[in-house]
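1. Next input, structure requested:
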Amino acid sequence: MSAVYAFIVAVFIYKDLGFKDMPKVLLSAASMSSMLLYIITNAVLFSFLLTSEQVPQNLTAWMIGLGLTSVTFLIFVNVLLLAAGNFMEPSSVLLITAPLLFPVAMEMGIDPIHLGVLMTVNMEIGMITPPVGLNLYVASGISRLGLTETTKACAPWILVMILYLMLITYVPAISLWLPNLLYGG
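-> The predicted structure is shown next:
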């Protein structure tokens, strides 16, 4: 529905896109989709191999053997995801890391919804940080500013998001209040 809406707005309201541009736009969309499907396919294959080789179970045992607490584990998760989010596309980061991090989080008693919210916020921060931040490129294109100027303009918001990430990391009730309200947990 959003693609149809975007098409109608681009062609009939803003008139940014003409029917003669359609083959080029469709080819670009097909190219991007095939690239993303390739990444997702490889991530699923990687997850399958990790699971079949019992890497998540071994990683869980290793991390618990190190004596990591849930707090230090969440610090590790945030650092890992923020670093990966700077250089990789979010869906591929999640497909690769979730099968590894989820069993460890469950063993440490971390709520899966809390972990999911943390992963989502980390990926959103990755979407607005260079060099791969897709939303940064979109903002740069919309504002018609260079990438450097857009990055400088986004810097305060990145800091706010990091502060928010720290807050929800250590106060799980923030990310769990709505599910608890809905499901009586």
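2. Which secondary structure state does F12 sit in?
-> Three-state assignment for F12 (DSSP: H, G, I helix; E, B strand; the rest coil): helix.
3. For the spatially most central residue of the chain, pull up the helix or strand it's in.
-> Central residue of the chain (C-alpha atoms, centre = their mean): M123, 2.7 Å from the mean position. Element membership for M123 (DSSP states H and E) is helix 112-127.
4. centre of the chain versus the host helix or strand of M161, how much separation?
-> Per DSSP H and E, M161 falls inside helix 147-170. Centroid separation for helix 147-170 versus its chain: 15 Å, with C-alpha atoms, centre = their mean, to the nearest Å.
5. tell me which element A3 falls in.
-> According to DSSP H and E, A3 maps onto helix 2-8.
6. what element comes up after the helix holding M161 heading to the C-terminus?
-> Where DSSP H and E defines the elements, the next helix or strand beyond helix 147-170 is helix 172-183.
7. follow-up on the earlier one: the residue nearest to the centre of the chain: what's it in contact with?
-> By C-beta atoms under 8 Å, 6 or more residues apart in numbering, the contact set of M123 is L81, G85, P90, V93, L94. Quick note: C-beta positions are derived from backbone N, CA and C, even for glycine.
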